[in-house]
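>>> 3D model of this:
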Amino acid sequence: MHYESYKQFYEKATKGIKAHPAAVKAVEILDKVLAWGYVAAYAVFLGLTFLQPNALSPFPWLLVLNKVGLPALCFACITALRWLIKRPRPYETEGAGIEPLVSKRGRGNSMPSRHVGSAFVISMVILPECLACGIVLLAVAAGIAVLRVLRGVHYPSDVLVGALIGVAFGSVGLLF
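Model prediction:
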């Protein structure tokens, strides 16, 4: 997306929110609550999974690889990609000139979104264990993607690539 057209897109998407300070604060709080909610949901899921009788038999390594290894590997791969790509964030890109909803100090590492990739891979590893939970978490992950763009910390392509990577890693777990 050309920077001028991105600036127009972003300003149009956030105009109504920026007009209301309470809405700006709500976006910031919601983004943080959803991100930390994923950490909590994943911790509860792992606890329930590994505390079940016979949870680790007959193939304990497969369960650990699937439920812990895939999200960890996804996180590591996204981190490595961010380091290799070194894409600046929208608010620091010369020419985009956007004013993000919430001030952010971080520099670079915009592509791909690690928040979004992590949310999608966690959703995918939970999906086969609890279909309803997985579907709800996939919808929440999509909401996180939207919030990351609205906050001005990621381009839409950053969250799309993060989501695709998360789904790809999570889909591997569906095979086992």
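>>> Can you tell me which helix or strand of the protein has the lowest average pLDDT?
Scoring the helices and strands of the chain by mean pLDDT, DSSP states H and E places helix 60-64 at the bottom, with a mean of 79.
>>> buried stuff in the host helix or strand of residue 47?
Assigned by DSSP states H and E, residue 47 falls within helix 21-51. With burial defined by 16 or more other Cβ atoms under 10 Å, the residues of helix 21-51 counted as buried are 24, 27-28, 30-31, 34-35, 38, 41-42, 45-46, 49. Placement of C-beta: from N, CA and C, glycine included.
>>> try stretch 8-25
10, 13, 14, 17, 24.
>>> try stretch 75-88
For stretch 75-88, by 16+ other Cβ under 10 Å, it's 75, 78, 81, 82, 87.
>>> Spatially nearest residue to the residue sitting nearest the centre point of the chain, not counting backbone neighbours?
In the chain, the C-alpha nearest the mean C-alpha coordinate belongs to residue 116, at 1.3 Å (Cα atoms, centre = their mean). Once flanking residues are discounted, residue 116 sits nearest to residue 162: 3.6 Å by Cβ to Cβ, 6 or more residues apart in numbering.
>>> Contacts made by the host helix or strand of the one you found with the rest, please.
Residue 162 belongs to helix 156-174 when assigned by DSSP H and E. Applying Cβ atoms under 8 Å, 6 or more residues apart in numbering, the contact partners of helix 156-174 are 1, 66-67, 70-71, 73-74, 77-78, 81, 87, 110-125, 127-128, 141-142, 145-146, 148-149, 154.
>>> Among those residues, name the ones in helices.
Among the contacts of helix 156-174, the members falling in helices (DSSP state H) are 70-71, 73-74, 77-78, 81, 114-125, 141-142, 145-146, 148-149.
>>> Need the buried ones from these selected in ChimeraX.
Command for ChimeraX, covering only those of the ones in helices among the contacts of helix 156-174 found buried under the criterion 16+ other Cβ under 10 Å:
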select :70,71,74,78,81,114,115,116,117,118,119,120,121,122,123,124,125,141,142,145,148,149
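>>> hmm, back to that, so what's the residue nearest to the centre of the chain up against?
Neighbour list for residue 116: 141, 144, 145, 148, 154, 158, 159, 162, 163, 166 [criterion: Cβ under 8 Å, 6+ apart].
>>> These into TSV, with extra columns for pLDDT and distance to residue 101?
Converted to TSV, the contacts of residue 116 look like this (pLDDT from 0 to 100; distance: Cβ to Cβ, whole Å):
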residue	pLDDT	distance to residue 101
141	98	20
144	97	15
145	98	15
148	95	11
154	94	12
158	97	16
159	98	15
162	98	19
163	98	21
166	98	24
